[in-house]
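[1] below is the sequence, then the predicted model.
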Amino acid sequence: MVTFWVALLAISILIYLLLDGFDLGVGILFLLPNSEQRRQAMLGAIAPFWDGNETWLVVTGVILWGAFPVVYATVLSAFYLPVIFMLLGLILRGVAFEFRSKSQRSRWVWDLSFGLGSLVASFMQGVMVGALVQGLPVVDGQYTGGVLGWLSVFSVLCGVGLCLGYALLGACWLVRKRGGAVRDLARSQIPVLATGVLLFLILVFSHALIQHLPILQRWIERPYLFLFPAIGAGAACMLASSILRHDDYWPFHMVSLIFVSAFGTLALSFWPYMVPFAITIDEAAAPHASLAFMFWGEGLFIFPLMLAYVAIGFRVFRGKFESETARY
């Protein structure tokens, strides 16, 4: 039963990264200079999906709270400030999404709010991932790092890197779903963003080597982990090829595969820890009775229903959106 909930948690996080990642990325790209018509087309490309995508963040929180309460308590104790700023960013972008279409003179305010909300939420998610990779100060299951114990050069680098990664995913989504000037502009942004992501990976790996982070020892102990970077490298080559061939279909899928390979690398590097090198899965799990009770509700009914909803939604809105000026 514990393994079942670990799998559901991993699937929920991965789905959130991919789905909310592309609409957060489009929001980040919103900060760049653009015409009103193109901005409307950009919003139209994510309008059918964005609010449903954020639901997976709620699912992740519910699974942590119900199935792994020790991790929920420890992680929130460490990340109160990043989580608050992330939620404020998500709220701001949601309000801006709805309000910009109702305003004229103040539309630039909501455009800026949508972009900044997306940027702040993305940055804080990356900072939290970086802090987990670097390791949180935990003693006897209690976080002891203080209010800013999560803040470091490494975590800030990871925040910047995730913003670049989401922006790359968003640009590829626009290439996939739009045509004309919006697609051409997004395609021209992909090489710049991909180069930024590559530089970020080099910086992070160099920093990890210099600081002798514990996660590097896992790669020595588990050489099969190098399979995931190899998959990511292959996807990067396919991404470059698809951009050179002006292919609209493959860039988004290749960047998604890069995200999947990065997630797989981290997840298997952490195993069997949920809070890296501090709290194991068995230590974090709720009693069997609680896990079994949740299984009959969320595990057996709610989770499959949400997967079906996502599959149907993407099936209905498959292909390119033909209208350059979208309604949302």
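    Alright, I've got the coordinates. Residues are numbered from 1 along each chain as shown.
[2] please count neighbours and contacts with C-alpha atoms only from this point.
    Noted.
[3] just checking, Asn53 touches Leu17?
    No: with contact defined as CA atoms under 8 Å, Asn53 does not count as touching Leu17 (9.2 Å).
[4] can you pull out the helices in the stretch 151-300 of the chain?
    153-177, 180-211, 214-221, 227-244, 250-270, 281-284, 288-294 (DSSP state H, counting those that start in this stretch).
[5] for the stretch 1-150 of the chain, which spans come out with low pLDDT?
    Nowhere does the stretch 1-150 of the chain drop to pLDDT under 70.
[6] ok, now how distant is Phe4 from Phe295?
    9 Å (CA to CA, to the nearest Å).
[7] to clarify, my last question referred to Val192.
    Note on Val192: its distance to Phe295, by CA to CA, is 45 Å.
[8] those two - which one has more neighbours?
    Set Val192 next to Phe295 and count neighbours by other CA atoms under 10 Å: Phe295 wins out with 18 against 13.
[9] how close does the more buried one get to Ala67?
    Counting by CA to CA - Phe295 and Ala67 are separated by 10 Å.
[10] how about Phe321?
    40 Å.
[11] could you do Asp111 as well?
    On the measure of CA to CA, Asp111 and Ala67 end up 39 Å apart.
[12] of those two, which one has the most company?
    Ala67 (26 against 21).
[13] give the contact list for the more buried one.
    Trp5, Ala285, Ala286, Ser290, Leu291, Met294 (CA atoms under 8 Å, 6 or more residues apart in numbering).
[14] show the buried residues in those.
    Trp5, Ala285, Ala286, Leu291, Met294 (16 or more other CA atoms under 10 Å).
[15] pretty sure the second one sits against Phe68.
    This points to Ala285. Yes: between Ala285 and Phe68 there is a contact under CA under 8 Å: 4.6 Å.
[16] just say which of the helices of the stretch 151-300 of the chain is most tucked in.
    helix 153-177 (a mean of 26; mean count of other CA atoms under 10 Å).
[17] Val71: what's its closest spatial neighbour, skipping adjacent residues?
    Take Val71 and drop its neighbours on the chain: the residue closest to it by CA to CA, 6 or more residues apart in numbering is Ala284, 5.9 Å away.
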